[in-house]
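Participant: need a 3D model of the following:
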Amino acid sequence: MYDFSRCKLCGENAAAPKYKLKQMSLYACSNCDFHYIDVLDDFPNEQPRESLLTEKARNFIESKLPQNAIQLKKNLKFVKAHVALSGMHCLDIGSGAGLFPSLLKEAGAVPHGIEPQQIFREFTLKKFQLSIRRELIDDPCWQNEYADYFDVVTLWDTLEHVNFPAETLKAACRVIKPGGHLFLDTPSRDSFFYRASEWSYRFSKGTKPLLLNTLYSPKPYCHKQIFTTAQLWTLLEISGFSVVGRSSFHRSRNKLVVVCRKNAA
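Facilitator: Below you'll find the model as predicted:
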């Protein structure tokens, strides 16, 4: 059982509940002001079973691809502005239905992917003929077999979902070649929407937490933490990266879209 008073960003025992939300509490660290909820996802061992990809599920996932493609094509354009992808070994962490690995393949890269949800891995294999793996990035299969291996690692809308973002980024750094690139996007706590969500809670004395309940959720694979720009920059630097820049291909003020380079040993 994790002690949520220990900040998931700075590691100090300085966090306490700040906002009471639906089926969860939002913790804030008095040392670094990191915000995160008191919920972790469980990843039990999968047992052999029949396919989860029913026709209804496949049609539903398929219906979401066109909208997702709009964002992911912008992400690909961002990557291609920094890296010539032909022949590059790329790892997409949190691949979902496999659309970004398929775009990487079309761009001439050698795609790899991580997706903990079985139904999406099945869809990816059936739709794109790509096999992505279940094991998380801190698993020995990645850490031991792929150390300093990848030219590019991407985390699109992923860092806010993982149980422990600091550990995730450090594990991602270990599998990137020195001088290789990390690309990510994640919601921004500096956004007006986040500030308005806090104002709504405070002014209503907790009776109107609706906006915060749209930003966080106790359900599996949902948002567990949200970063300010300064917090994300600090985390990237202590994880072994140098921030190269932010995207000019994205216009949303609600997101942080960043490219980093792994520091040389």
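Participant: got the end-to-end distance for stretch 242-254?
Facilitator: 22 Å (C-alpha to C-alpha, to the nearest Å).
Participant: now residue 231: how far from residue 122?
Facilitator: The gap separating residue 231 from residue 122 is 36 Å, by C-beta to C-beta, to the nearest Å. In this view, the C-beta of every residue, glycine as well, is placed from N, C-alpha and C.
Participant: and residue 92, by the same measure?
Facilitator: Plainly put, residue 92 is 17 Å away from residue 122 if you go by C-beta to C-beta.
Participant: compare these two and say which is more crowded by neighbours.
Facilitator: Between residue 92 and residue 122, counted using other C-beta atoms under 10 Å, the more crowded position is residue 92 (29 against 19).
Participant: contacting residues for the residue positioned nearest the centre of the chain?
Facilitator: Centroid-nearest residue in the chain, with C-alpha atoms, centre = their mean: residue 158, separated by 1.3 Å. Listed by C-beta atoms under 8 Å, 6 or more residues apart in numbering, the contact set of residue 158 reads 93, 94, 184, 186.
Participant: report the two of these separated the most.
Facilitator: 93 and 186 (12.2 Å; C-beta to C-beta).
Participant: tell me where the stretch 101-250 of the chain has helices.
Facilitator: Taking DSSP state H, counting those that start in this stretch, the helices of the stretch 101-250 of the chain run over residues 118-128, 140-143, 165-175, 192-203, 210-215, 229-238.
Participant: so what sits against both of residue 93 and residue 186?
Facilitator: In contact with both residue 93 and residue 186: 155, 158, using C-beta under 8 Å, 6+ apart.
Participant: can you give me the distance of residue 184 to residue 156?
Facilitator: 7 Å.
Participant: okay, now residue 11: neighbour count?
Facilitator: If you count neighbours by other C-beta under 10 Å, residue 11 ends up with 12.
Participant: correction: residue 221
Facilitator: 15.
Participant: how about residue 78?
Facilitator: Quick note: residue 78 (other C-beta under 10 Å) scores 22 neighbours.
Participant: pretty sure it sits against residue 246.
Facilitator: No - in this structure, residue 78 is not within contact of residue 246 by C-beta atoms under 8 Å, at 9.4 Å.
Participant: shared neighbours, those two?
Facilitator: 257, 259.
Participant: need the winner for burial among the helices of the stretch 101-250 of the chain.
Facilitator: helix 165-175 (a mean of 21; mean count of other C-beta atoms under 10 Å).
Participant: go ahead and confirm residue 91 touches residue 154.
Facilitator: Yes - using C-beta under 8 Å, residue 91 is in contact with residue 154, at 7.3 Å.
Participant: quick one: residues contacting residue 28.
Facilitator: 15, 16, 18, 34, 35.
Participant: identify the bridge partners of the first one.
Facilitator: Under the criterion DSSP bridges, residue 15 forms beta bridges with residue 29.
Participant: residues contacting it?
Facilitator: 4, 5, 6, 7, 27, 28, 29, 30, 34, 36.
Participant: what number of residues lie near residue 16?
Facilitator: Neighbours around residue 16, by other C-beta under 10 Å: 12.
Participant: my read: it touches residue 30, true?
Facilitator: Yes - using C-beta under 8 Å, residue 16 is in contact with residue 30, at 7.2 Å.
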